[in-house]
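Engineer: Pasting the sequence and the predicted coordinates here, then a few questions.
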Amino acid sequence: QVQLVESGGGLVQTGDSLRLSCEASSGTTTLYTMAWFRQAPGKDREFVAGIKYRTGTSYTGSVKGRFTISRDYGQNTVYLQMNTLKPEDTAVYYCAGTNRHLITSTLGSVEAYEVWGQGTQVTVSS
């Protein structure tokens, strides 16, 4: 069973940058589609960014132009570069993966992913 481990969260100020990492443990399952979600206190888990296997990426509107998702296939690691952070970006960020090739319209569905990390806290102070 593949496991995902996130790192890189922390407390930053408005306008700062952070890079989150998500490393997939070794296993026989290839997670073709990967994504980042986030969950703020009292809110549902929401899609942030997704990356399809060796193809395209997708972002939720509020992070377009500020966040970049990327993947190092050799290191089995997915990254989320977050620039110009805002207080509303404060949340626990989760990495997710699936062994299916998702289409763009389903990238944002929580139910589409069967493997999840434990989450990493990102707090942006004003």
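Structural biologist: Cool, got the structure.
Engineer: how close does the most centrally placed residue in the chain get to Leu18?
Structural biologist: Here the mean C-alpha position of the chain is nearest to the C-alpha of Trp36 (C-alpha atoms, centre = their mean), at a distance of 1.8 Å. Distance from Trp36 to Leu18, counting by C-beta to C-beta, to the nearest Å: 12 Å. Backbone N, C-alpha and C define where each C-beta goes, glycine included.
Engineer: quick one: the strands in the chain?
Structural biologist: 4-7, 10-13, 18-24, 33-39, 46-51, 57-59, 67-72, 77-82, 91-98, 115-116, 120-125 (DSSP state E).
Engineer: what pLDDT does the residue nearest to the centre of the chain get?
Structural biologist: Reported pLDDT at Trp36 in the predicted model: 98.
Engineer: Is it in contact with Tyr94, as I believe?
Structural biologist: Yes - look at Trp36 against Tyr94 with C-beta atoms under 8 Å: they come within range, at 7.1 Å.
Engineer: Low-confidence stretches in this protein?
Structural biologist: Counting by pLDDT under 70, the chain contains low-confidence residues at 26-28.
Engineer: one more time with 90, if that's ok
Structural biologist: Low-confidence segments of the chain (pLDDT under 90): 1-2, 25-30, 54-55, 73-76.
Engineer: can you tell me how far the residue nearest to the centre of the chain sits from Ala24?
Structural biologist: 14 Å.
Engineer: now Arg71
Structural biologist: Where Ala24 is concerned, Arg71 sits at a distance of 10 Å (C-beta to C-beta).
Engineer: Overlap in contacts, those two.
Structural biologist: 77-78 (C-beta atoms under 8 Å, 6 or more residues apart in numbering).
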